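>>> turn this into a structure:
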Amino acid sequence: MKRRFNGSGHRSDSLPIAAIQPTKKDVSGLTATPIDSTPVKIHLKTKITIGEESDSYELISFGRYYEKAGAVFLKYDEVQEEGTTNTIVKLTERQALILRSGAVKMRMAFNEDEEQNGSYESQLGTLLLTTKTHSLSHTQMDTSLEGDFNLTYQLKMQGNPVGEYIMSIHYKEEA
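Okay, the predicted model is just below:
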């Protein structure tokens with residue numbers, strides 16, 4: 001059975017959400033993973049469409065899952081040619097936030113009800129990102145720590161369309 005996060009601010013099965021856990025601060029200033037986080041395997045897929053051209057990106061990583069203040073968090077590292085990027089995905093009923101720090105520094109917010117502003121920092125300075133969310137869903141199994149986050153959105157940089165994105169994250173507790 002799956003738990004679905006709905007627009008009323010509660011999971012549809014009304015299971016209690018874990019209380020705020022003690023944390024340590026990490027060097028980047030982002031809140032570190034709570035002590036009672038759970039190790040998970042994360043499978044990220046992204047399809048980017050720009051005009052008639054599409055490209056896909058896939059990542060399998062190991063990270064941490066935790067709940068805090070009514071939200072679900074996934075924390076993992078992306079290792080690329082430019083270096084390692086620390087990624088935090090925050091999920092609530094109808095919103096999501098993706099924070100990246102390290103080799104890439106970016107903040108992207110998603111809300112089905114309205115466009116959201118974010119930022120991307122580069123050597124040229126900080127660029128404005130705008131997301132228009134077409135769909136956002138998060139489901140989680142009742143019987144085990146396993147879930148899916150699906151997101152489709154349009155991305156603009158400095159007000160100019162960049163492309164259409166389809167992102168899915170599947171996570172599962174590591175035994």
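
>>> for the residue positioned nearest the centre of the chain, give me its contacts.
With distances taken as C-alpha atoms, centre = their mean, the residue of the chain nearest its centroid is residue 89 (2.9 Å). By C-beta atoms under 8 Å, 6 or more residues apart in numbering, the contact list for residue 89 reads 73-75, 96-98, 149, 169. C-beta here means a position set from N, CA and C on the backbone, and glycine is covered the same way.

>>> tell me which element it is part of?
strand 83-91 (DSSP states H and E).

>>> for stretch 164-175, the distance to its chain's centre please.
9 Å (C-alpha atoms, centre = their mean, to the nearest Å).

>>> let's see it as CSV, backbone CA atoms only.
Taking Å, rounded to 0.1, in the frame of the first residue of the first chain, the C-alpha atoms of stretch 164-175 are listed here in CSV:
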residue,chain,number,x,y,z
GLU,A,164,10.8,21.3,-20.5
TYR,A,165,11.9,18.8,-17.8
ILE,A,166,10.6,15.5,-16.7
MET,A,167,12.2,14.3,-13.4
SER,A,168,11.6,11.2,-11.4
ILE,A,169,13.3,10.0,-8.2
HIS,A,170,12.8,6.5,-6.9
TYR,A,171,14.2,5.9,-3.4
LYS,A,172,14.4,2.7,-1.4
GLU,A,173,15.8,1.8,2.0
GLU,A,174,19.1,0.1,1.9
ALA,A,175,19.2,-3.1,3.9
